[in-house]
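Undergrad: need a 3D model of the following:
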Amino acid sequence: MADRDSAAAYNYPRFDEYVAAGGDVPDEEAFRASARAGQRAPDFTLPRLGDGGSVRLSDLWRSGPLVMEFGSFT
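TA: Okay, here's the model as predicted:
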């Protein structure tokens, strides 16, 4: 039941109205400004889940080829 509740909270009950009011414009602009396939991603730091440490993107690509995938499965 908790999964259903979180899914309901994520999905906009009135999505068409949200879009018509321009609610999605900032997200669309951020998407258009993002890096494209083949472009080098900006360096950033992420937390490691296991031990609370951190890892920099540049540390990963120095050790060999790196493939990153960002997307939404909604």
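
Undergrad: which residue ranges of the protein form helices?
TA: Per DSSP state H, the chain carries helices over the ranges 2-10, 15-20, 25-33, 57-62.

Undergrad: and those, which one's lowest on average pLDDT?
TA: Sorting these by mean pLDDT places helix 2-10 lowest, at a mean of 57.

Undergrad: looking at the helices of the chain, which is buried most?
TA: The densest packing among the helices of the chain, expressed as mean neighbour count by mean count of other CB atoms under 10 Å, is seen in helix 57-62 with a mean of 13. From N, CA and C alone the C-beta is placed, and that goes for glycine too.

Undergrad: what lies in contact with it?
TA: Helix 57-62 is contacted by residues 41-46, 66 when judged by CB atoms under 8 Å, 6 or more residues apart in numbering.

Undergrad: could you dump the residues you listed to CSV with neighbour count and distance to residue 15?
TA: Shown next, in CSV, are those (neighbours: other CB atoms under 10 Å; distance: CB to CB, whole Å):
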residue, neighbour count, distance to residue 15
41, 13, 30
42, 8, 31
43, 10, 35
44, 9, 30
45, 10, 34
46, 10, 30
66, 11, 35
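
Undergrad: go through the residues you listed and name the one nearest residue 55.
TA: Set against residue 55, the nearest of the contacts of helix 57-62 by CB to CB is residue 46 (5.8 Å).

Undergrad: separation between residue 56 and residue 68?
TA: Separation of residue 56 from residue 68 (CB to CB, to the nearest Å) stands at 13 Å.

Undergrad: looking at these two, which has the bigger crowd around it?
TA: With neighbours defined as other CB atoms under 10 Å, residue 56 and residue 68 compare such that residue 56 has more, 12 against 9.

Undergrad: before we move on, back to that, which two in the contacts of helix 57-62 are spaced the farthest apart?
TA: Maximum distance among the contacts of helix 57-62 (CB to CB): 15.0 Å, for 45 and 66.

Undergrad: alright, calling it a day.
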